[in-house]
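Participant: Here is my input; please provide its structure:
(one chain, ligands or ions: 2)
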Amino acid sequence: MSAVDSQVGDVPKPINKYMEDASEDFLYHFGFGIKTLDIEATFGDTKFICTGGSPSRFKLYAEWFSKETGLPCSENLSRSDRFVIYKTGSVCWINHGMGTPSLSIMLIESLKLMHHAKAKDVKFIRLGTSGGIGVAPGTVVISTAAMNGELTDKYVQWIAGKRVERDTYLDEGISEDMGKLAVELSIPFEKGMTLCADDFYEGQMRLDGYFCEYTAEDKFAFLKLIHEKGVRNIEMESTCFASMTYRAGVKAAIVCVALLNRMNGDQIKIEHEQYVEYEQRPFRLVTAYIRKQLGI
Ligand SMILES: O=P(O)(O)O[C@@H]1C[C@H](O)[C@@H](CO)O1
Ligand SMILES: O=c1cc[nH]c(=O)[nH]1
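Facilitator: Ligands and ions are numbered 1, 2, ... in the order given. Down below sits the predicted model:
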């Protein structure tokens, strides 16, 4: 898998020269490596990596996908307690934890996994939850772009004591296809930018955290500002996801259900049944997309 294979555009080739010659590569947070698992036999046919934070949600998604398609669902293929990995045919379901530090580990190891597996044209999709900005609870937001806490479309890393900005990009073709499918499936959706916050409370200007040094007026002014810039939801992973996948030359999309409209409050209080129904919406959309793409 490389930038050239997946034809995203003019993406720098990411291969790490030190990785190429390594006789062993242990994917520490997955708990296996090239010497302990036949990675090509297990993952070589992968076409989609679906990801999101929670391990139990991703087990459930894998089981639902298996039930819907009739494809067998693997056992948890991860040998570490950090992440779970389920496989249903050519679709992997891997959780990424909360926030960009955790996601970046999962993405790096998934990209290395796909590299060792010699998988071709793999698409990465993040299916998640978020706080809606001016959208009704239950709306699925199909991200058109990701924005960081400084309100620019970059993913910021600190390397060797220096601030490094990375470009972000999400595939327009996937989001267009998903939009059409959402209409067909009558799933309420909006397209818009996604703000990637570094935490759930102050970073998202909640008034219900332990700390709060701003006013309710400051909060609403901020939400209004980002809404005017085109932001329709806030979560905690999009810039890293949109940047690392772009750098690696793989196509990617982010589809998150809004659990609440942040214009109306901060607390998330949803009945269990309603929560499950909301969780199903990005799953139904992504499943329909994958089935169409794979012809299954
Ligand atoms: O895994 P999801 O998409 O539900 O993650 C969102 C963003 C944060 O990681 C988490 C905060 O509750 O929800
Ligand atoms: O408000 C929300 C809901 C889910 N995830 C977030 O990061 N924020």
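
Participant: In this model residue 148 seems to touch residue 157, though I could be wrong.
Facilitator: No - counting by Cβ atoms under 8 Å, residue 157 stays clear of residue 148, with 11.1 Å between them. C-beta coordinates here come from the backbone N, C-alpha and C atoms, glycine included.

Participant: Of all residues in the protein, which one is closest to ligand 2?
Facilitator: Nearest residue of the chain to ligand 2, counting by Cβ to the nearest ligand atom: residue 131, 2.5 Å away.

Participant: separation between that residue and residue 62?
Facilitator: Going from residue 131 to residue 62 by Cβ to Cβ, to the nearest Å gives 26 Å.

Participant: Please name every helix or strand in contact with the longest helix belonging to the chain.
Facilitator: Assignment by DSSP state H gives helix 272-294 as the longest helix of the chain. On a contact count with 3 or more Cβ pairs under 8 Å, 6 or more residues apart in numbering; DSSP states H and E, helix 272-294 meets strand 48-52, helix 55-69, strand 123-132, strand 140-147, helix 172-184, strand 252-261.

Participant: mind redoing it with 10 Å?
Facilitator: Where contact means 3 or more Cβ pairs under 10 Å, 6 or more residues apart in numbering; DSSP states H and E, helix 272-294 is packed against strand 48-52, helix 55-69, strand 91-95, strand 123-132, strand 140-147, helix 172-184, strand 189-196, strand 252-261.

Participant: Flag every buried residue along the second one.
Facilitator: Neighbour counts using 16 or more other Cβ atoms under 10 Å place 55, 57-62, 64-66, 69 of helix 55-69 among the buried residues.

Participant: I'd like to know which residues of this structure are adjacent to ligand 1.
Facilitator: With Cβ under 6 Å from any ligand atom as the criterion, the chain comes near ligand 1 at residues 52-54, 98-99, 128-129, 200, 235-236, 256.

Participant: can you tell me which two in these are farthest apart?
Facilitator: Using Cβ to Cβ, the two most remote members of these are 52 and 200, lying 15.4 Å apart.

Participant: of those two, who's got more company?
Facilitator: Neighbours per residue, other Cβ atoms under 10 Å: of residue 52 and residue 200, the larger number sits with residue 52, 28 against 17.

Participant: Quickly list what that one is bridged to.
Facilitator: Applying DSSP bridges to residue 52 yields these beta-bridge partners: residue 95.

Participant: ok, it to residue 106 distance?
Facilitator: Taking Cβ to Cβ, one finds residue 52 at 10 Å from residue 106.

Participant: picking that back up, which one of the buried residues of helix 55-69 is nearest residue 279?
Facilitator: When those are compared for distance to residue 279 (Cβ to Cβ), residue 57 wins out at 6.4 Å.

Participant: Can you turn the buried part of the residues of the chain next to ligand 1 into a PyMOL selection?
Facilitator: Buried residues among the residues of the chain next to ligand 1 (16+ other Cβ under 10 Å), as a PyMOL selection:
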select buried, resi 52+53+54+99+128+129+200+235+236+256
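
Participant: Let me know the distance separating the residue nearest in space to the middle of the chain from residue 75.
Facilitator: Closest to where the C-alpha atoms of the chain average out (Cα atoms, centre = their mean) is residue 126, at 2.5 Å. Distance of residue 126 to residue 75, given as Cβ to Cβ: 24 Å.

Participant: before we move on, what about residue 151?
Facilitator: On the measure of Cβ to Cβ, residue 151 and residue 75 end up 43 Å apart.

Participant: The two - which one has more neighbours?
Facilitator: residue 151 (13 against 8).

Participant: for the more buried one, what are its contacts?
Facilitator: If a contact means Cβ atoms under 10 Å, 6 or more residues apart in numbering, then residue 151 has 193, 195, 222, 225-226, 229, 231 as its contacts.

Participant: now do residue 118
Facilitator: Neighbours of residue 118 in contact, by Cβ under 10 Å, 6+ apart: 1, 39-40, 43-44.

Participant: and if we set it to 6 Å?
Facilitator: Contacts for residue 118 (Cβ atoms under 6 Å, 6 or more residues apart in numbering) come out as 40, 44.

Participant: List phi and psi for it.
Facilitator: phi 60, psi 30 (degrees, to the nearest 10).

Participant: and residue 92, what does it touch?
Facilitator: 46, 49.
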